[in-house]
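>>> Model the structure of this input:
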Amino acid sequence: MTNLQQKLKDLGFDPNGVDGHFGPGTRDAVISFQQSKGLQADGIAGPNTLAALQSEGTASGADAGGAVTSGTAAGTGGATTGAGAAAAPATANIPNVSVQSVAKIFPGVPVSNITENLPFVLQALDDAGLGDKNMILMALATIRAETGNFTPLSEFQSKFNTPPGGPPFSLYDNRHDLGNQGPPDGANFRGRGYIQLTGRANFLEHGQAIGLGTQLIDNPKLANQPDIAAKLLASFLKSKEQPIRNALAKGDLKTARRLVNGGSHGLAEFTQAFNIGKNLIA
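Take a look at the predicted model:
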């Protein structure tokens with residue numbers, strides 16, 4: 001959150017303090033920035049706003065609607081690069097998926113983000129048996145809708161996860177549908193990664209599925225490490241594979257999006273990315 005506020009302040013949109021709280025001043029600053037860029041002035045630093053901020057310089061975070069299954073809001077913090085972070089793999093043997101083609105699916109996003117992160121995503125999809133065109137497009141369009149800037153991110157505070165004046169992410173603390181067990185689960189298991197995986201249950205299920213046991217429960221920040229974030233993305237899509245394939249076979253992008261998000265948040269970005277991509281990837 002402080003990264004977003006500082007970025008806005010540096011660009012001349014004063015958030016009325018860099019205090020880590022998404023208050024009225026920050027919202028007004030976001031709206032002013034959005035208006036200056038001809039974006040929808042909704043006060044939410046979502047994927048399009050994030051991309052516009054990044055085009056002005058260093059990355060910040062994103063903030064959007066509330067999580068249901070995988071999550072919907074991106075935010076503070078980029079990839080974790082500490083001990084255990086893997087080097088980028090050689091790009092998986094998936095033809096016609098290049099940095100240049102993917103950059104067209106993510107307009108305004110620094111090409112360096114795609115160069116650094118695409119190999120992890122393609123390798124994870126290939127390893128999970130999801131290296132075909134439809135599932136690659138599903139993954140890329142999901143990243144576009146969830147984080148927008150092609151880096152693993154953590155969710156920002158917003159009205160969807162934090163009550164006015166309340167502890168950050170406390171609206172998630174007792175979300176039993178997410179497997180949360182009370183404070184500090186809301187903050188610990190807020191949306192993270194490329195897909196904005198959210199909730200203790202998802203962190204446990206997909207952490208185990210990719211061979212981490214309970215490591216994501218003990219250290220949720222690992223979900224923002226690029227190699228792990230990519231494997232979590234692939235694992236989540238794999239868990240919904242057949243329904244997703246059925247929806248895509250019918251051209252039903254709304255259902256495909258709902259299977260990941262639980263709703264329609266980010267549907268416009270998802271649909272745009274998918275449709276651009278299907279004309280670029282053979």
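>>> Tell me which stretches of the chain form strands.
For the chain, applying DSSP state E gives strands covering 153-154, 192-193.
>>> Of all those strands, which one comes closest to residue 134?
When these are compared for distance to residue 134 using C-beta to C-beta, the nearest one is strand 192-193, at 21.4 Å. C-beta here means a position set from N, CA and C on the backbone, and glycine is covered the same way.
>>> Who are the packing partners of the closest one?
The contact analysis (3 or more C-beta pairs under 8 Å, 6 or more residues apart in numbering; DSSP states H and E) places strand 192-193 against strand 153-154, helix 226-239.
>>> Just put these in CSV and tack on mean neighbour count, mean pLDDT and distance to residue 167.
Listed next are the helices and strands packed on strand 192-193 as CSV, based on neighbours: other C-beta atoms under 10 Å; pLDDT from 0 to 100; distance: least, C-beta to C-beta, whole Å:
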stretch, mean neighbour count, mean pLDDT, distance to residue 167
strand 153-154, 27, 94, 16
helix 226-239, 25, 98, 26
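>>> so which of those gets nearest residue 215?
With C-beta to C-beta as the criterion, residue 215 lies closest to helix 226-239 of those, at 9.0 Å.
>>> and residue 250, which of the helices and strands packed on strand 192-193 is closest to it?
Among the helices and strands packed on strand 192-193, the nearest to residue 250 by C-beta to C-beta is helix 226-239 (17.5 Å).
>>> So what touches the closest one?
In this structure, residues lying in contact with helix 226-239 by C-beta atoms under 8 Å, 6 or more residues apart in numbering are 70, 79, 85-86, 88-89, 116-117, 120-121, 123-125, 127-130, 135, 138-139, 142-143, 151-152, 192-195, 197, 202, 205-207, 209-210, 212, 222-223, 244, 260.
>>> Convert that helix to CSV, retaining C-alpha atoms only.
Below are the C-alpha coordinates for helix 226-239, written out as CSV (Å, rounded to 0.1, in the frame of the first residue of the first chain):
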residue,chain,number,x,y,z
PRO,A,226,7.7,-16.7,-9.5
ASP,A,227,8.4,-20.4,-9.8
ILE,A,228,5.9,-21.2,-7.0
ALA,A,229,3.4,-18.7,-8.2
ALA,A,230,3.4,-20.3,-11.6
LYS,A,231,3.0,-23.8,-10.2
LEU,A,232,0.1,-22.5,-8.1
LEU,A,233,-1.6,-21.0,-11.1
ALA,A,234,-1.2,-24.3,-13.0
SER,A,235,-2.5,-26.3,-10.0
PHE,A,236,-5.6,-24.2,-9.6
LEU,A,237,-6.4,-24.4,-13.3
LYS,A,238,-5.7,-28.1,-13.3
SER,A,239,-8.2,-28.5,-10.5
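>>> Lowest mean pLDDT among the helices and strands of this protein, which one is it?
None of the helices or strands of the chain scores lower by mean pLDDT, DSSP states H and E than helix 47-55, at a mean of 73.
>>> so where's this protein uncertain?
Confidence mapping of the chain against pLDDT under 70 gives the ranges 1, 47, 54-95.
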